[in-house]
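Engineer: Here you go, sequence then predicted model.
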Amino acid sequence: MNAPLPTVFEISSPGRRGVEPPPIPATLPSLDACIPAAARRRQPVQLPEVGELDAIRHYTRLSQLNMGIDTHFYPLGSCTMKYNPRVNEVVAGLPGFKKVHPLAEEEELQGWLEVFYRLERILAEVSGLSHVTLQPAAGAHGELTALMMIKACHEEEEPGKRTAILVPDSAHGTNPSSCTMAGFKALEVKSGADGTVDLEDFRAKLSPEVAGMMITNPNTLGIFEARIAEISAALHKIGAFLYMDGANMNAILGLTRPGDFGVDIMHFNLHKTFSTPHGGGGPGAGPVACNPRLAPYLPVPRLEKAEVKEGGATRTLYRLNGNCPKSIGKVRSFFGQSGILLRALAYVAAHGPEDLRRVSEAAVLNANYIRARLKKEYHLPYETPSMHEVVFTAKHQKASEVRALDIAKRLIDLGFHPPTIYFPLVVAEALMIEPTETESRETLEAFCRAMLAIAEEARTDPEKLRKAPVKTPVKRLDEVRAVKTPILVCPCADGSS
Ligand SMILES: *Cc1c(COP(=O)(O)O)cnc(C)c1O
């Protein structure tokens, strides 16, 4: 594992072939005759020449160098990297779903529309909000959709007045970005010593220009915003909306409902709470749920269920209604990430309401197991109890000049994907750990032992941590250089690239 793996070009050998297709029969026109001269390559394409087995081994090895949820414990906080049940894939692969063309007539899409309708109703139920759109393709996209709806509503009632959205300083970076994208300015609200919104600072920031507030609950410190109902009432009093970033629903699903504690509109991340894959940055899904006041602004088309009489019988028909004059329009082609929406429904169907609550209870229990096991060695910036994730810092390791980054890199050598580090931004040297409910006690324990061993190494052999990882083909990257001057193509044998 130590020597860098050769690239596929380095194992290339001129003339070697994986598959040799049979020659084109003389009865058929030659390739040259089929392709006009002007469209032909002037130089042969630069491809590696390797045997089939060499190619298979090369790519299989590369795939094993990556840490993924199927191979390693993956405790990234603020991400909910949980197991993607295989039954979801079976359901999503059923030909009745897979082989339907998105442009098929409404009548032929009834099965799919029922899937969307049922998922919408489930999300409405667990959010305590009445209306849902499944269109947004990610959490951030859900944020933008919801802010556009809030804007459309205010613009209709009092044009040009409401220009600002309050955002706590612990928020995910997508929150202020979405504000800007939607044409608002983001006004920061401070966190208090307990890690929740500082109510005094919040009250001071309320003004007639405030359109609403974005709040994550539990917040990105893994702490439940216990005074959310109070915050909601204060916002409603000045005619502003409360938006909830629902990325952390894995902690409260079935235990409490945002609509019940005063939230007007929220997004879900199906790839966090409902077990659908994150898959290299996508495809995600960020459905938005809202109350009746904001519902007219939801994206089109709206999905409706109707009972129609046919002969003597009635049957259920799902319809797409594009006639919604106040709608912000479409935010995604067709119905959003259909395959992902179907997987989320399969997950809910496999669990049922009781089990969904147990998902959250287990997620919270697992995070608190880690909190209890590690708090002697790792500094906890907040005493407030943790929900589904726990934020530590590397403060105790500072004396040995060991940083959160070193701890994260050393975990790779010990066989664990690192947790999220240096986020939330309000915590210096943050180590943010989210185990999720899908891990066994043995796995949690093995991870805790690795973390405790690292704390011991920080005292006895800090240099080892600063040199980690030693077991990977690539050691520490110059991340800034990698971003600013990426090398995206392999230099070819002839010197061109
Ligand atoms: C993940 C996350 C987001 C963004 O969601 P994406 O689906 O990645 O766009 C927003 N807010 C919080 C708190 C998150 O954890």
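Structural biologist: All right, it came through fine. Numbering: from 1, shown residues only.

Engineer: From now on I want contacts and neighbour counts done on CA atoms only, so please keep to that.
Structural biologist: OK.

Engineer: For the chain, which residues score under the pLDDT cut-off?
Structural biologist: For the chain, the stretches flagged by pLDDT under 70 are 1-3, 279-282, 490-497.

Engineer: Show me the domain layout of it.
Structural biologist: Listed domain ranges for the chain are 1-63, 87-349, 359-483 (source: automatic domain parsing).

Engineer: Just the C-alphas of stretch 85-102, formatted as CSV.
Structural biologist: C-alpha atoms of stretch 85-102 as CSV (Å, rounded to 0.1, in the frame of the first residue of the first chain):
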residue,chain,number,x,y,z
PRO,A,85,-29.9,-0.3,2.5
ARG,A,86,-29.7,-2.6,-0.5
VAL,A,87,-33.4,-3.2,-0.6
ASN,A,88,-33.7,0.5,-1.7
GLU,A,89,-31.6,-0.5,-4.8
VAL,A,90,-33.8,-3.5,-5.5
VAL,A,91,-36.9,-1.3,-5.4
ALA,A,92,-35.4,1.4,-7.5
GLY,A,93,-34.3,-1.2,-10.1
LEU,A,94,-37.8,-2.7,-10.6
PRO,A,95,-38.5,-2.4,-14.4
GLY,A,96,-41.9,-0.8,-13.8
PHE,A,97,-40.1,2.2,-12.3
LYS,A,98,-36.8,2.0,-14.2
LYS,A,99,-38.2,1.8,-17.7
VAL,A,100,-40.7,4.6,-17.6
HIS,A,101,-39.8,7.6,-19.8
PRO,A,102,-40.1,10.9,-18.0
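
Engineer: what comes up buried for that stretch?
Structural biologist: By 16 or more other C-alpha atoms under 10 Å, the buried positions in stretch 85-102 come out as Asn88, Glu89, Val91, Ala92, Phe97.

Engineer: same check, this time on stretch 370-388
Structural biologist: Neighbour count says stretch 370-388 has 370-371, 373-374, 377-382, 386-388 buried, by 16+ other C-alpha under 10 Å.

Engineer: Among those, which one lies nearest to the ligand?
Structural biologist: Checking these against the ligand with C-alpha to the nearest ligand atom, the nearest one is His388 at 11.8 Å.

Engineer: Tell me who's in contact with the closest residue to that closest one other than its chain neighbours.
Structural biologist: Distance criterion C-alpha to C-alpha, 6 or more residues apart in numbering; nearest residue to His388, sequence neighbours excluded, is Val364 at 4.2 Å. Taking C-alpha atoms under 8 Å, 6 or more residues apart in numbering as the criterion, Val364 is in contact with Ala251, Ser386, Met387, His388, Glu389, Thr436, Glu437.

Engineer: same thing with Arg61?
Structural biologist: Taking C-alpha under 8 Å, 6+ apart, one finds nothing in contact with Arg61.

Engineer: tell me which element it is part of?
Structural biologist: According to DSSP states H and E, Arg61 maps onto helix 52-64.

Engineer: Give the buried residues for that helix.
Structural biologist: Ala55, His58.

Engineer: now for the very next helix or strand once past it, which elements pack on it?
Structural biologist: Sequence-wise, the next helix or strand downstream of helix 52-64 (DSSP H and E) is helix 86-92. Packing partners of helix 86-92 (3 or more C-alpha pairs under 8 Å, 6 or more residues apart in numbering; DSSP states H and E): helix 338-374.

Engineer: can you pull the contacts of the residue in the stretch 251-400 of the chain that the ligand sits nearest to?
Structural biologist: Residue nearest to the ligand within the stretch 251-400 of the chain: Asn269 (5.5 Å; C-alpha to the nearest ligand atom). Listed by C-alpha under 8 Å, 6+ apart, the contact set of Asn269 reads Ala138, Gly139, Gly246, Ala247, Gly284, Ala285, Gly286, Pro287.

Engineer: Quickly note the distance from the third one to the ligand.
Structural biologist: It stands for Gly246. 7 Å (C-alpha to the nearest ligand atom, to the nearest Å).

Engineer: what bridges to that residue?
Structural biologist: Phe268 (DSSP bridges).

Engineer: Can you give me the neighbour number for it?
Structural biologist: Using other C-alpha atoms under 10 Å, Gly246 has 29 neighbouring residues.

Engineer: just the fourth one next, same as before
Structural biologist: For Ala247, the count of nearby residues is 27 (other C-alpha under 10 Å).

Engineer: Tell me who's in contact with it.
Structural biologist: Ser78, Cys79, Gly139, Thr216, His267, Phe268, Asn269, Lys272, Thr273.

Engineer: Next: the last one.
Structural biologist: Contacts for Pro287 (C-alpha under 8 Å, 6+ apart) come out as 132-139, 142, 267-270.

Engineer: Could you look up the SS state of Val427?
Structural biologist: Recorded secondary structure, Val427: coil (DSSP: H, G, I helix; E, B strand; the rest coil).

Engineer: Since that was my last question, I'll sign off now.
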